[in-house]
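*Asks:* Any chance you could fold what I've pasted below:
(chains A and B)
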Amino acid sequence: MTLNLNPLIVLLIFPGGLFLIMAGLAYEYLDRKLVARFQNRIGPRWFQPLADLLKLLSKEEITPLGVQRGLFYLLPLFALASALTAALYVPMAGLLPAYAFQGDLIVTIYLLSVLTLSMGLAGACTVDRFALVGATRTLTQLFSYEAPFMLALLGPAIAAQTWQIRSINEYASQNLWLLIAQPIGFLVALVGLMGKLELPPFDAPEAETEIVAGALTEYSGRGLALFRLSKDIELVIGLTLVAAFYLGGIHSPLDFLVKTVGLLLVVALLQTLFARLRIDQVVGLWWRIGTILAVIQLIAIVLGRYVGNLIF
Amino acid sequence: MSEKFVIPIGPQHPALKEPSHFEIFVDGEEVINATLRLGYVHRGIEKGAEQRTWTQNLYLMERICGICSHVHALAFAQGVEALAGVQAPPRARAIRQLVAELERLHSHLLWLGVAAHEAGFDALFMYSWRDRETVMDLLELLSGNRVNYSANLLGGVKFDVTPDQKVRILDGVSFLEERVQYYLNVVNSDETFLGRTRGVGVLSREEAERLGAVGPTARASGVPRDVRVDVPYAAYTEFPVRMVLSQQGDLQARFVVRLEELFESIRVIREILNNLPESELTARMPRRIPAGEVISRVEAPRGELFYFIVSNGSDKPERVKVRTPSLANWGTVLATAPGHKLADIPMLVAGIDPCFSCNDRTVVVKTVR
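*Replies:* The predicted structure follows:
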């Protein structure tokens, strides 16, 4: 499916802007509801994420003492903007990406990391002790999952021999699901996504029983709303990327819905299954197991291509 | 980092359901020292007890703790009975023990949920609290109340167990036995959970004895200390319980000891219900209690509960002193904390099953001039 859209529409309505915000809220609702049902709770009503967002937006924003004011207000905007921009190169809702160029995969991965980076900086620019510990943990976690997550997304790129998300999506749909060809990569990518979004059991950076709300402890009102919204949007983009790469591509809205919601179901189940990992356990897990698995997968792909070239 | 970095936990903090104040000195993520300040919920109950009659005090004592309300009334009633030289009839003593063991079931399941939540394992939290409703319903069935059962009278108990109630309690505890077995498996086999409990907060037997630990915290370190076994009260001579011990002394051992105690509780509940002695429910108590003093001890779900009661021969006590088990166990938390990660602190605190409001008796305000 191809659609020629006016750039303004692309940025403000679809796939950026309004559509992404709505999709983010819908997926947050689904995630919360699924986790609640898995935990034998009732869970929120369908409009709860929207209600939360509107309420936070209408609340007073408190500037704590000792913060760098400019940074404190800019970081949430920065996080949201980068999350929205990342969507432009991803086949949102099964339509072709709004923009594509060789290497947009790398740009997207970096744009997705900006949220975590902003949160780390946001925590570090306040003087609150919980926020400082939270920021340290956020950035420590960033350094542990980022490499394996990136390697896991490179697997399909190498298989498709392109750095363009659109072409990888096409390659994935024409071939056997990469989930079957590269199962380790899929696992690492999915779990890496959970680490990126600080979902349980990787929620040490915002463990409420230890450090209140982690890096975002001092945030209130609009800043908090924007950070939460960017996280929701990143959830949608992350799920879309993993589905496009490993679940046989995405080419229609129905395809998009079925595959991403299916993935979300797995993510929600994983969230309920485990106890929270300590930050040292997270780092150990990613560097001792995650990275090695991802590297093994990468070597297997490269060898596979080499052997394949020899035979055919 | 050479400077001391202090993380304050409390008096208001999401990890604490009740107020207390910890100061955790950290170096990065590692804890180097911890201090504790109690006394935020001092309610003046002991002073209040001196202005109320013996019977009124029974209700006051029951409200010291919202989780183990029965054992407080039980310790008080048994102390007053000892002062008056009255013994409760056998059936009343058996019913007291029955309610005490049902209370242990509900208290330990509640603790399991709280501890799982501190470890970020919310699924276990939600499931254990769902199943805890079963025993809450049983207690309501018996007494009409979910929290303050008000089972005790001076000299006996208020209610009997009907044959219909017996059947429903037996059904309820059978279901719970199955569930507790399941939770025991989870606690012993879930890798992520074991990562948070195994080898964490190890308290050696010597340390536990030196710090005067009580209850499951002491028993998890191999200290054989259980008032139910050492000095049987109520009907524990007729229906004895086995002491559950572990030598490991870590958090996992505290989980295992508490859960295995529940099997013991369930076994004793069955035994009591099937062999309930026939007798009156109350013995006659004098309105004025003879002068004297007495120490009354019972095993609360958290450990030894200690009452010291002085009577001056009137219808009101001269002095009632309560020492709850949480107070005896705080030392173990502060002694084991250094060397752990900051993330382990909520687990260590939850590990002794603290009950803050119950242990806040008095505050000494020192004025430095």
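*Asks:* who in chain B is up against chain A?
*Replies:* B:5-8, B:13-15, B:26, B:28-29, B:116-127, B:130, B:190, B:192-193, B:195-196, B:341-346 (Cβ under 8 Å from any Cβ of the partner chain). Quick note: C-beta positions are derived from backbone N, CA and C, even for glycine.
*Asks:* Now the buried members of these.
*Replies:* Those of the residues of chain B next to chain A that meet the buried threshold are B:7, B:13, B:15, B:26, B:29, B:116-127, B:190, B:192-193, B:195-196, B:341-346, by 16 or more other Cβ atoms under 10 Å in any protein chain shown.
*Asks:* Among the residues you listed, name the ones in strands.
*Replies:* Mapping those onto strands (DSSP state E) picks out B:7, B:26.
*Asks:* Count residues in the vicinity of the nearest residue to residue A:99 once chain neighbours are set aside, would you?
*Replies:* Spatial nearest neighbour of residue A:99, excluding adjacent residues (Cβ to Cβ, 6 or more residues apart in numbering or on different chains): residue A:88 at 5.1 Å. For residue A:88, the count of nearby residues is 21 (other Cβ atoms under 10 Å in any protein chain shown).
*Asks:* contacting residues around residue A:88?
*Replies:* Residues near residue A:88 by Cβ atoms under 8 Å, 6 or more residues apart in numbering or on different chains: A:10, A:11, A:15, A:16, A:97, A:98, A:99.
*Asks:* pretty sure the last one is touching residue A:89, no?
*Replies:* Yes - the criterion here is Cβ atoms under 8 Å, and residue A:99 meets it with residue A:89 at 6.0 Å.
*Asks:* Settle it for me: which of the two has more neighbours?
*Replies:* More crowded of residue A:99 and residue A:89, by other Cβ under 10 Å: residue A:89, with 24 against 13.
*Asks:* residues contacting the nearest residue to the more buried one once chain neighbours are set aside?
*Replies:* The shortest distance from residue A:89 to any residue other than its chain neighbours is 4.2 Å, reached at residue A:104 (Cβ to Cβ, 6+ apart). Counting by Cβ under 8 Å, 6+ apart, residue A:104 touches A:89, A:97, A:163, A:164, A:165, A:166.
*Asks:* What sits closest to the third one if chain neighbours are left out?
*Replies:* Beyond its immediate neighbours in the sequence, the residue positioned closest to residue A:163 (Cβ to Cβ, 6+ apart) is residue A:103, lying 4.6 Å away.
*Asks:* Give the burial count for the one you found, as a bare number.
*Replies:* 13.
*Asks:* now swap in residue A:111 and tell me
*Replies:* Residues near residue A:111, counting by other Cβ under 10 Å: 21.
*Asks:* Can you name the residue of chain B nearest to chain A?
*Replies:* Per Cβ to the nearest Cβ, residue B:120 is where chain B lies closest to chain A, at 2.4 Å.
*Asks:* could you pull out the helices for the stretch 151-300 of chain A?
*Replies:* A:165-174, A:178-181, A:183-196, A:208-211, A:221-246, A:253-273, A:279-284, A:291-311 (DSSP state H, counting those that start in this stretch).
*Asks:* ok, and what's touching the second one?
*Replies:* By Cβ under 8 Å, 6+ apart, the residues outside helix A:178-181 that reach it are A:155, A:156, A:159, A:172, A:175, A:185, A:186, A:245, A:246, A:247, A:248.
*Asks:* Now it: buried residues?
*Replies:* Those would be A:178, A:179, A:181, for helix A:178-181 by 16+ other Cβ under 10 Å.
*Asks:* Please save the CA atoms from that helix in CSV.
*Replies:* Written as CSV, here are the backbone C-alpha positions of helix A:178-181 (Å, rounded to 0.1, in the frame of the first residue of the first chain):
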residue,chain,number,x,y,z
LEU,A,178,12.7,-14.5,10.5
LEU,A,179,11.3,-15.6,13.9
ILE,A,180,12.0,-19.2,12.6
ALA,A,181,15.3,-18.4,10.9
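*Asks:* In contact with the residue in chain A positioned nearest to chain B, which residues?
*Replies:* Nearest residue of chain A to chain B: residue A:276, at 2.4 Å (Cβ to the nearest Cβ). Listed by Cβ under 8 Å, 6+ apart, the contact set of residue A:276 reads A:200, A:201, A:203, A:204, A:207, B:119, B:120, B:121, B:192, B:196, B:343.
*Asks:* that older thread, and which of the buried residues of helix A:178-181 is nearest to residue B:51?
*Replies:* residue A:179 (73.0 Å; Cβ to Cβ).
*Asks:* Provide the backbone phi and psi angles at the residue of chain B closest to chain A.
*Replies:* With angles defined as degrees, to the nearest 10, residue B:120 sits at phi 70, psi 20.
*Asks:* That one against residue A:209, yeah?
*Replies:* Yes - with contact defined as Cβ under 8 Å, residue B:120 counts as touching residue A:209 (7.1 Å).
*Asks:* Nearest residue to residue A:65 in space, please, no chain neighbours.
*Replies:* residue A:127 (7.2 Å).
*Asks:* and the one you found, how many neighbours does it have?
*Replies:* Residue A:127 - counted by other Cβ under 10 Å - has 12 other residues nearby.
*Asks:* Surely it is in a helix?
*Replies:* No - using DSSP: H, G, I helix; E, B strand; the rest coil, the assignment for residue A:127 is coil, not a helix.
*Asks:* And the pLDDT at it?
*Replies:* For residue A:127, the pLDDT comes out at 82.
*Asks:* ditto for residue A:3
*Replies:* Looking at residue A:3, the pLDDT reads 55.
*Asks:* Over to residue B:184?
*Replies:* Per the predicted model, pLDDT is 92 at residue B:184.
*Asks:* That one contacts residue B:258, correct?
*Replies:* No - using Cβ under 8 Å, residue B:184 makes no contact with residue B:258, being 9.8 Å away.
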